[in-house]
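Q: this is the structure alone, sequence omitted:
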Ligand code: KG4
Ligand code: ZN
């Protein structure tokens, strides 16, 4: 007997095509960003509004201020993005927004806006994992094939991930305490260099002597690929306390910044070498080492990683800076990758403050203690 199964009506959305236009929205931290990306990897517009000025007086991001600033800015940013792309809402074939992880107030603003547009225009809605946005950017810029090894270094994350496919990630290293961007920001704050700290530390360190202060290299030489930066931050604080009282002299600040960056680069090189070994054991013909996230702007770090990749005969890829820091294009692109696989989200998607890319990853281990 032939069983008659009622056909499930296919979604009435237009399937993926090279000329489709996808709007991407990013609001998970302190950037209000939107972009239009096409199915054939063209970025038609990419607008990022940084809330730096709103948060600068507090020396760090204040979540409530961030959420309000997203509400104020997002509509205008989307309108400007559409204007620069030269398209209207009728030309949109989908809308993707960061659904987490991140500061929940901001994520809600982006997700609600995206749902509203999707419902009004009857187009697909895609809730994107922010980390997946970073992880897939290199496929937007360079069409890199899976699998590859990704070092994600930002203000909130320090992870080594094997990217095997859309939605298929293996985390092989993470920080047991602070993220590396946080360590840059705290170092800058202790030295009175302002916020965000990364660019300020890099600038100040240019003229400094990296050998003057012997700062620790946490986790260096240990098996595995986990990170720790809180000990380094404490060592910077002690170094500053041991200087003559009063404001830190510019030359001392320069030497501390140079020494700090040298320690960070050393640690990251060591951890990444181990990660490459693990990656190669799993994927002997894996294609490349990719760096992403705000800290990927750091010239010393880039140069160090380039060298590590060359030593190991790996291709090294670093997306352009504007696509390494938070932006809407990476969210739109992750949306396009998902649409190609038919992965559309329902309008009852709930924003997620926490959303690991690899939920099965073992926790970081430090001296036998699980963090
Ligand atoms: O990816 P991102 O824009 O935002 C998230 O945290 O998701 O990264 C911001 C982080 C901040 O901690 C900032 O200090 C750091 O990236 N950063 C840098 C540099 N530029 C930005 N760190 C080191 N050197 C830089 N040139
Ligand atoms: Zn980010």
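A: All right, it came through fine. Predicted, not measured: the structure shown is a model, and the values here were computed from it. Ligands and ions are numbered 1, 2, ... in the order given.

Q: quick one: name the residues of this protein near ligand 1.
A: Taking CB under 6 Å from any ligand atom as the measure of proximity, the chain contacts ligand 1 at 29, 154-156, 181, 184-185, 196-199, 202, 293-295, 297-298, 325-326. C-beta here means a position set from N, CA and C on the backbone, and glycine is covered the same way.

Q: at 8 Å instead, please
A: Residues of the chain found near ligand 1 (CB under 8 Å from any ligand atom) are 28-31, 102, 130, 134, 153-157, 179-182, 184-185, 188, 195-202, 261, 292-295, 297-299, 301, 324-326.

Q: just the buried residues of the residues you listed.
A: 28-31, 102, 130, 134, 153-157, 179-182, 184-185, 188, 195-202, 261, 292-295, 297-298, 301, 324-326 (16 or more other CB atoms under 10 Å).

Q: and for residue 55, the neighbour number?
A: By other CB atoms under 10 Å, the residues close to residue 55 number 18.

Q: surely it and residue 65 touch.
A: Yes: with contact defined as CB atoms under 8 Å, residue 55 and residue 65 form a contacting pair (6.4 Å).

Q: rewinding a little: restrict the buried ones among the residues of the chain next to ligand 1 to those near ligand 2?
A: 154, 326 (CB under 5 Å from the ion).

Q: which of the buried ones among the residues of the chain next to ligand 1 fall in strands?
A: Those of those mapping onto strands are 31, 153, 292, per DSSP state E.

Q: out of those residues, who's nearest residue 94?
A: Distances from residue 94 to those, taken as CB to CB, are shortest for residue 31 (21.5 Å).

Q: quick one: contacts for the nearest residue to that closest one once chain neighbours are set aside?
A: The shortest distance from residue 31 to any residue that is not its chain neighbour, by CB to CB, 6 or more residues apart in numbering, is 4.5 Å, and that residue is residue 326. In this structure, residue 326 makes contact with 26, 28, 29, 31, 33, 48, 130, 154, 294, judged by CB atoms under 8 Å, 6 or more residues apart in numbering.

Q: can we see that at 10 Å?
A: 26-33, 48, 50, 98, 102, 130, 133-134, 154-155, 293-294 (CB atoms under 10 Å, 6 or more residues apart in numbering).

Q: before we move on, what about residue 124?
A: Residue 124 makes contact with 11, 13-16, 20, 22, 92-96, 118, 335, 338-339, 342-345, according to CB under 10 Å, 6+ apart.

Q: span of stretch 57-66 from start to end?
A: One end of stretch 57-66 sits 13 Å from the other (CA to CA, to the nearest Å).

Q: please point out which parts of it sit buried.
A: 61, 62, 65, 66.

Q: what about it and ligand 2, any contact?
A: No: for stretch 57-66 and ligand 2, the contact criterion (CB under 5 Å from the ion) is not met; the two come no nearer than 12.3 Å.

Q: residues touching the residue in the stretch 51-200 of the chain that ligand 1 sits nearest to, list them.
A: Nearest residue of the stretch 51-200 of the chain to ligand 1 (CB to the nearest ligand atom) works out as residue 198 at 2.0 Å. With contact taken as CB under 10 Å, 6+ apart, residue 198 is in contact with 153-155, 180-185, 187-188, 261, 294-295, 297-298, 301, 325.

Q: gap between it and residue 62?
A: Separation of residue 198 from residue 62 (CB to CB, to the nearest Å) stands at 19 Å.

Q: again, but for residue 74
A: With the distance defined as CB to CB, residue 74 ends up 18 Å from residue 62.

Q: thinking again about what came up before, out of the contacts of residue 124, which are buried?
A: Listed as buried from the contacts of residue 124 are 13, 16, 20, 22, 92-96, 118, 335, 338-339, 344-345; burial here means 16+ other CB under 10 Å.

Q: returning to that earlier point: now for residue 55 and residue 65: what residues contact both?
A: What both residue 55 and residue 65 touch, as defined by CB under 10 Å, 6+ apart, is the set residue 30.
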